[in-house]
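Novice: take this sequence and fold it.
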Amino acid sequence: LKLQFLYLIEFPHTTHPPTMISECSYLAPGAKTYEKRRIHDLPPKPRGHTRVVCISDTHNEHERIQLPDGDVLVHAGDVLTESGKRYVTRNKHGALVKYDGAGTALYRRFAQWFTAQPHGHKVMVGGNHDWIFQALGTQATQDVLDAAAKASPHPKQSVAYLVHEHAVAPTGMDGKGFKVFGSPYAHWGSQNDAFKLRDPDFSVMEEGTHMFVTHMPALLPKDHGSRLREDPDMVAAVERCGTLLHVSGHCHWAHGAYHSAKAVKTKETPYVIASICDSQWTFFESPKGRGDAQDVKYGGYLVHFPIMVVDLPTPPPKAGEAWRIGNGLAEDEALERAETDTTVTTQEFGTGGFAAAQEGDAPALLMFAPPTDPEMAGRLLPTLQLHHRCYHFEDAGEAAEFLGDKENDEIHFAVCIAKLGSKGNNGSTVLDALLRRAQTLKHSHPQIVIHSATALQRPDIQTALSQQYNIQQFVGEAHEREMVSALIRSAAAQASSSKLPLVFFGPSTDPAAVRRLLPAISALGYDVLHFTAANDAVKYINSAPAAPVACVAKLGQRGNHGEDVLGAFRKRAGDKAFAAVHSHTALASKKTQRHVHENVGGVDIFVDGDCEGVLLKRLAKFQQGHAAK
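Specialist: Predicted coordinates:
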């Protein structure tokens with residue numbers, strides 16, 4: 001069973017004097033218990049070892065902590081004390097819709113303190129109270145740390161903010177580097193639920209990872225006693241990867257170091273719970289001296305526990321070397337965090353939905369993953385959310401309600417990944433609501449991916465769904481990596497340049513061409529507006545605030561003719577816009593080409609299914625030329 005915890009909560013007012021933490025709990029290599037030490041009374045670090053200084057759950061009280069020297073400083077989350085009521089605003093579905101600059105200021109204050117510490121390499125993950133990290137998004141949260149580091153007394157340090165991903169820094173000795181995997185995700189049991197995700201997938205942690213950092217503990221004393229409860233997925237990841245240290249926080253009362261009773265290869269691996277604050281939720285009579293003055297109104301914690309220090313039997317990162325962040329960093333095809341990734345953040349709501357802060361240009365992605373496939377969201381979302389604003393639902397009715405709520409009209413969904421679902425919780429309910437919404441709000445047709453092993457084996461199901469919903473892709477678990485890579489490339493392309501509007505007239509008479517071309521053209525960075533009805537396309541072209549710059553059209557048939565679309569496009573956009581016809585008939589007949597060219601006012605290229613690559617190259621070249629202007 002997954003670990004779920006309740007807080008031990010008390011509500012006294014207090015006038016306790018400020019406490020300064022300057023003690024350590026030191027865990028020597030191979031030791032099962034730690035020693036209490038003053039921060040300036042630690043033993044020398046053994047040769048060839050990495051000294052890791054571990055803290056967590058500082059809850060704005062970081063300035064009351066004195067840290068010992070070390071190679072790597074780790075913060076395992078709950079930098080802040082945000083519960084969704086102080087500096088962020090959520091809608092009725094729980095989705096984060098805006099944030100207050102005062103919350104960002106608190107985070108910047110922490111970043112200044114964190115980067116002022118002398119440790120050359122630092123790692124941080126978010127916790128369930130760190131709503132501001134979600135509001136800012138992955139890259140913006142990292143940017144705050146980088147700016148603070150640059151202005152600090154230690155400008156050559158490297159700081160990594162990790163969201164279900166690895167960081168690797170060269171050691172200068174073995175060529176492989178010091179590797180960390182960090183994740184904020186867990187299925188929290190309280191209202192303080194930033195980074196909430198049911199069943200996060202820790203199988204993505206790579207072999208050879210030296211340190212594993214999460215906010216949620218992997219081991220906990222059972223009933224506050226000597227027996228342990230173990231999270232099987234986290235412990236299995238440590239065992240599989242041969243990890244030397246797991247660092248966490250969250251459960252303040254469990255502060256300490258533990259060892260798994262179920263491990264075989266990693267019996268010596270310590271599981272450190274590094275919480276600094278105590279478990280007593282306290283209201284304060286005066287804000288004086290508090291890290292967050294709002295503690296007077298909403299409550300907060302007091303620092304209490306010592307700093308955890310662990311010496312690991314592996315060489316430390318080389319001074320001055322920077323972390324490289326991402327997954328699969330040993331592979332040539334590694335996807336590192338895009339420089340343009342500015343607002344990536346997720347949060348679970350309803351019966352299990354990811355939502356995102358409504359900030360920035362990251363494309364919005366809707367996922368319908370019902371409980372019939374409980375592992376799908378855990379596999380896909382941690383990676384997708386680095387490049388998309390992700391909204392995940394397990395219940396089709398809740399998804400439809402969300403899509404119909406006018407509060408959410410500003411969200412323009414670019415992608416939808418949906419399971420077929422089951423009776424009473426059907427994916428068609430979600431798709432109907434999504435397309436009805438797109439039509440009402442005059443949004444472009446989203447890229448729709450059906451994740452279904454059944455549909456993959458049934459061409460009749462694919463044809464029926466494609467005709468009804470214009471599905472662009474059908475995938476199963478074996479195709480997920482390819483699908484995610486394509487979506488990330490598309491998101492990166494969209495983020496790196498302003499998207500050019502392109503009208504695509506692809507009627508239901510050729511669903512295979514639509515499935516091939518929609519994701520391919522979108523991946524070039526175009527804002528593709530797909531229409532199956534010529535009349536709808538013409539209406540859009542004539543009424544759009546700005547003329548589309550490109551048009552790709554099938555010729556269609558009587559009553560639904562592509563020439564009508566191309567004629568309206570050419571009239572509105574002019575002769576410098578790009579127009580293409582996708583038709584085997586036209587490509588094979590010069591007479592037909594001349595007729596269409598003269599009738600619509602000019603066509604730049606004629607293609608069919610065998611030469612779509614030429615079309616994509618021309619579109620890419622046209623986009624580059626447009627950007628140069």
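Novice: looks to me like D146 is in a strand.
Specialist: No - assigned with DSSP: H, G, I helix; E, B strand; the rest coil, D146 falls outside any strand and is helix.
Novice: give the contact list for the nearest residue to it once chain neighbours are set aside.
Specialist: Closest residue to D146 in three dimensions, ignoring its sequence neighbours and counting by CB to CB, 6 or more residues apart in numbering: V159, at 6.8 Å. In this view, the C-beta of every residue, glycine as well, is placed from N, C-alpha and C. With contacts defined as CB atoms under 8 Å, 6 or more residues apart in numbering, V159 is in contact with F114, T115, H121, K122, V123, M124, Q142, L145, D146, A149, W323.
Novice: how many other residues sit next to the fifth one?
Specialist: Right, V123. Here the number of neighbours of V123 (other CB atoms under 10 Å) works out to 26.
Novice: pLDDT wise, what is it at?
Specialist: V123 is assigned a pLDDT of 98 by the prediction.
Novice: OK, contacts around it?
Specialist: Contacts for V123 were tallied using CB under 8 Å, 6+ apart; they are 72-75, 159-160, 162, 167, 180, 182, 211, 213, 323.
Novice: direction included, what does the one helix or strand it maps to pair up with?
Specialist: Counting by DSSP states H and E, the secondary-structure element that holds V123 is strand 121-124. Neighbouring strands of strand 121-124 in its sheet, by DSSP bridges, are strand 72-75 (parallel), strand 158-161 (parallel).
Novice: what distance do you get for V607 to E23?
Specialist: Distance of V607 to E23, computed by CB to CB, to the nearest Å: 72 Å.
Novice: more crowded one of the two?
Specialist: A side-by-side neighbour count of V607 and E23, using other CB under 10 Å, places V607 first with 21 against 16.
Novice: where do the strands sit along the stretch 401-550 of the chain?
Specialist: For the stretch 401-550 of the chain, the strands identified by DSSP state E, counting those that start in this stretch occupy 413-418, 421-422, 425-426, 447-451, 473-475, 500-505, 526-531, 550-554, in order along the chain.
Novice: what angle do the first one and strand 526-531 make?
Specialist: This means strand 413-418. Here strand 413-418 runs at an angle of 70 degrees relative to strand 526-531 (axes from the mean of the first three to the mean of the last three CA atoms, to 10 degrees).
Novice: quick one: strand 413-418 to chain centroid distance?
Specialist: Using CA atoms, centre = their mean, to the nearest Å, the mean C-alpha position of strand 413-418 is found 15 Å from that of the whole chain.
Novice: before we move on, what about the third one?
Specialist: Centroid displacement of strand 425-426 relative to its chain, using CA atoms, centre = their mean, is 26 Å.
Novice: tell me the mean pLDDT for that strand?
Specialist: Along strand 425-426, the predicted local confidence has a mean pLDDT of 90.
Novice: just list what it packs against, helices and strands only.
Specialist: Counting contacts by 3 or more CB pairs under 8 Å, 6 or more residues apart in numbering; DSSP states H and E, the secondary-structure elements packed against strand 425-426 are helix 396-404.
Novice: other SSEs contacting the helix it packs on?
Specialist: Of the remaining helices and strands, those touching helix 396-404 by 3+ CB pairs under 8 Å, 6+ apart are strand 353-355, strand 364-368, strand 389-393, strand 425-426, helix 427-441.
Novice: could you measure from the closest residue to S466 other than its chain neighbours over to K554?
Specialist: In space, not counting the residues next to it along the chain, S466 is nearest to P511; the distance is 3.7 Å by CB to CB, 6+ apart. Counting by CB to CB, the gap from P511 to K554 is 11 Å.
Novice: please identify which of those two sits among more neighbours.
Specialist: Summary of the neighbour comparison: P511 and K554, criterion other CB under 10 Å, with K554 having more neighbours (24 against 20).
Novice: doesn't S583 make contact with that one?
Specialist: Yes - using CB atoms under 8 Å, K554 is in contact with S583, at 6.4 Å.
Novice: how about low-confidence regions in the stretch 101-250 of the chain?
Specialist: Flagging of the stretch 101-250 of the chain using pLDDT under 70 yields the residue ranges 174-175, 189, 223-226.
Novice: at 80 instead, please
Specialist: Counting by pLDDT under 80, the ranges of the stretch 101-250 of the chain that qualify are 135, 137, 172-176, 188-191, 198-199, 223-226.
Novice: show me what the helix or strand T141 falls within is packed up against.
Specialist: Element membership for T141 (DSSP H and E) is helix 138-150. Based on contacts counted as 3+ CB pairs under 8 Å, 6+ apart, the elements that helix 138-150 packs against are helix 101-116, strand 158-161.
Novice: re the thing from before, redo the helices and strands packed on helix 396-404 as CSV? Include distance to D409 and mean neighbour count.
Specialist: CSV is the format used below for the helices and strands packed on helix 396-404 (distance: least, CB to CB, whole Å; neighbours: other CB atoms under 10 Å):
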stretch, distance to D409, mean neighbour count
strand 353-355, 15, 27
strand 364-368, 12, 26
strand 389-393, 14, 28
strand 425-426, 24, 19
helix 427-441, 6, 18
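Novice: reformat those as JSON lines; add distance to D311.
Specialist: Converted to JSON lines, those look like this (distance: least, CB to CB, whole Å):
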{"stretch": "strand 353-355", "distance to D311": "38"}
{"stretch": "strand 364-368", "distance to D311": "43"}
{"stretch": "strand 389-393", "distance to D311": "39"}
{"stretch": "strand 425-426", "distance to D311": "51"}
{"stretch": "helix 427-441", "distance to D311": "52"}
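Novice: mean pLDDT lowest for which of these?
Specialist: Summarising mean pLDDT across the helices and strands packed on helix 396-404, the least confident stretch is strand 353-355, with a mean of 34.
Novice: wasn't G378 part of a strand?
Specialist: No - according to three-state DSSP, the state of G378 is helix, so it is not within a strand.
Novice: closest one of the contacts of V159 to P315?
Specialist: H121 (12.4 Å; CB to CB).
Novice: so that closest one makes contact with V72?
Specialist: Yes - H121 is within contact range of V72, at 4.8 Å (criterion: CB under 8 Å).
Novice: now do the shared contacts for these two.
Specialist: Shared contacts of H121 and V72, counting by CB under 8 Å, 6+ apart, come down to F178, P316, P317.
Novice: give me the nearest residue to the first one, chain neighbours excluded.
Specialist: What that stands for is F178. If the residues on either side of it in the chain are set aside, F178 comes closest to P317, at 4.6 Å by CB to CB, 6+ apart.
Novice: contacting residues around V247?
Specialist: V52, C54, S56, V74, A76, M211, F212, V213, T214, V272, A274, M308.
Novice: show me just the buried residues among these.
Specialist: Burial by neighbour count, 16 or more other CB atoms under 10 Å: within these this picks out V52, C54, S56, V74, A76, M211, F212, V213, T214, V272, A274, M308.
Novice: what segments of the stretch 101-250 of the chain are helices?
Specialist: 101-116, 131-136, 138-150, 232-241 (DSSP state H, counting those that start in this stretch).
Novice: hmm, who's touching the helix or strand that contains K621?
Specialist: Secondary-structure element containing K621, defined by DSSP H and E: helix 612-628. Surrounding helix 612-628, the residues in contact under the criterion CB under 8 Å, 6+ apart are 497, 500, 502, 513, 516-517, 520-521, 524-526, 549-550, 552, 578, 580, 582, 604-605, 607.
Novice: buried subset of the residues you listed?
Specialist: When the contacts of helix 612-628 are checked for burial by 16+ other CB under 10 Å, the buried set is 500, 502, 513, 516-517, 520-521, 524-526, 549-550, 552, 578, 580, 582, 604-605, 607.
Novice: in helices, which of those residues appear?
Specialist: Within the buried ones among the contacts of helix 612-628, residues falling in helices by DSSP state H are A513, R516, L517, A520, I521.
Novice: quick one: low-confidence ranges for the stretch 301-450 of the chain?
Specialist: Residues of the stretch 301-450 of the chain that meet the criterion pLDDT under 80 lie in 326-362, 374-375, 378, 382-383, 385-387, 444.
Novice: quick check: H210 touching P316?
Specialist: No - counting by CB under 8 Å, H210 does not reach P316; the two are 10.0 Å apart.
Novice: what is in contact with those two at once?
Specialist: Between them, H210 and P316 have T50, F178 as joint contacts when contacts are counted by CB under 8 Å, 6+ apart.
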